[in-house]
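In: below: sequence and its predicted model.
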Amino acid sequence: MAFLSFLDDSSDIARLFARDQVRYGAVRELWRNIMRGPSRFTEAERELMAAFVSRLNHCQFCAQGHAVRAAERGFDIAVLEGLVADIDTAVISDRLKPVFRFIKKLTVEPARMVEAEVQAVYDAGWDETALVDAIVLCAYFNMVNRIVDGHGLEAAPPERLREIETDAC
């Protein structure tokens, strides 16, 4: 249930962000850069990461939307459930597992990050640019999950997920 008078139960993030271009214009541009700009990660991998961070934060609105977008780009939605349950046994490449471990820890225990997590990402063949991509994506979705949940936006019915403009979340 939306918490603010200008939102209703069918409101989505596009409506929220369109209402306040001064405040949210930069957030939308950041989304475009992180999710559709150049990256060491494919769009499918970024969508899966966004869904994963959002699931860890229990943000159903973002988790469902990005799971659908990851599926549209080739990931089975069951992969997300596997990642949430146990990264080590999830059906993703071994090269991606340290990245998901890193973003999980950065989401749930950010003050406990240590160099070993960074080294594990490097040891899997990723470089500093990829690590920065993962950090910024993780930070962005931690922020947006709080914006969505703070405004009381609820997950859309599955048939509506593809209709929602996603240039912000």
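Out: That came through fine. Numbering: from 1, shown residues only.

In: which intervals of this structure have sub-threshold pLDDT?
Out: Within the chain, the ranges that satisfy pLDDT under 70 run 156-169.

In: where exactly do the helices run in the chain?
Out: 13-19, 21-31, 43-56, 60-72, 77-85, 97-108, 115-123, 128-151 (DSSP state H).

In: tell me which of those helices is the most buried.
Out: Most buried of those, by mean neighbour count (mean count of other Cβ atoms under 10 Å): helix 43-56, with a mean of 24. From N, CA and C alone the C-beta is placed, and that goes for glycine too.

In: so how far is that helix from its chain's centroid?
Out: The chain centre lies 4 Å from the centre of helix 43-56; the measure is Cα atoms, centre = their mean, to the nearest Å.

In: cool, and stretch 19-32?
Out: Between the centre of stretch 19-32 and the centre of its chain there are 16 Å (Cα atoms, centre = their mean).

In: going forward, the N-terminal residue is numbered 39.
Out: Got it, the first residue is 39 from now on, which makes the last one we talked about stretch 57-70.

In: any idea how far T127 is from Q157?
Out: 22 Å (Cβ to Cβ, to the nearest Å).
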